[in-house]
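Undergrad: just need the structure, nothing else, for what follows:
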Amino acid sequence: MINKIFKTPDTWEPFVLRVLLGLVIFPHGAQKLFGWFEGYGFDGTMTFFTEIVGIPWVLGFLVILLEALGSIVLLAGFATRILAASYILLAIGIVTTSHLQHGFFMNWYGNQPGEGIEFFILWVAISTALLLSGGGRYSVDKCLSGVLPEQAHSF
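TA: Down below sits the predicted model:
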């Protein structure tokens, strides 16, 4: 079972997907945990999650950790498949609690009451690819799988 979690090819595609997804999710987590990027920080986010959205405190806490710290772990490529599965579940939860009622498109022009689901479709697609492939080249998963990276780089 451990081998199925950490085994990954020594290819560039999962590396690129993993790094880009981690870089996109991290600012959202930093908003929630630290208040960076005009976010509400931990207390404001937890208040929003528990009082407005109505999710349990522990679930809100896990969402914040998954976005803020999980994205850093994803960048390193550790337990990529577990994080990818978690991100799929998180995206589905976000869509069903906050975005589905606003349709497909993001609110680029401010003419909708909220954001649509298109961003989360891409999030789930990238996470699904990582779930199937693992972390790829330059990942902790690759080191843990006991397979050394190939010396010849094909790009």
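
Undergrad: pull out the buried residues from the helix ranked longest in the chain.
TA: Secondary structure assigned by DSSP state H gives helix 12-34 as the longest helix of the chain. By neighbour count with 16 or more other CB atoms under 10 Å, helix 12-34 contains the buried residues 14-15, 17-19, 21-22, 25-26, 28-33. In short, each C-beta sits where N, CA and C put it, glycine included.

Undergrad: I'd like the mean pLDDT over stretch 132-143, please.
TA: Averaging pLDDT along stretch 132-143 gives 95.

Undergrad: coming back round to it: what about the longest helix of the chain, distance to the chain center?
TA: Relative to the centre of its chain, helix 12-34 is centred 6 Å away, using CA atoms, centre = their mean, to the nearest Å.

Undergrad: show me what that helix is packed up against.
TA: With contacts defined as 3 or more CB pairs under 8 Å, 6 or more residues apart in numbering; DSSP states H and E, the packing partners of helix 12-34 are helix 41-47, helix 57-76, helix 80-94, helix 118-133.

Undergrad: who's in contact with it?
TA: With contact meaning CB atoms under 8 Å, 6 or more residues apart in numbering, helix 12-34 is reached by 8, 36-42, 45, 63-72, 74-75, 77, 80, 87, 123, 126-127, 129-130, 133-139, 155.

Undergrad: buried subset of these as a ChimeraX selection?
TA: In ChimeraX syntax, the buried subset of those is picked out as below (16+ other CB under 10 Å):
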select :8,39,42,45,63,64,66,67,68,70,71,74,75,77,80,87,123,126,127,129,130,133,134,135,136,137,138,139
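
Undergrad: report the buried residues of the least confident helix or strand in the chain by mean pLDDT.
TA: Least confident element among the helices and strands of the chain, by mean pLDDT, DSSP states H and E: helix 2-6 (a mean of 85). For helix 2-6, burial by neighbour count (16+ other CB under 10 Å) applies to residue 6.
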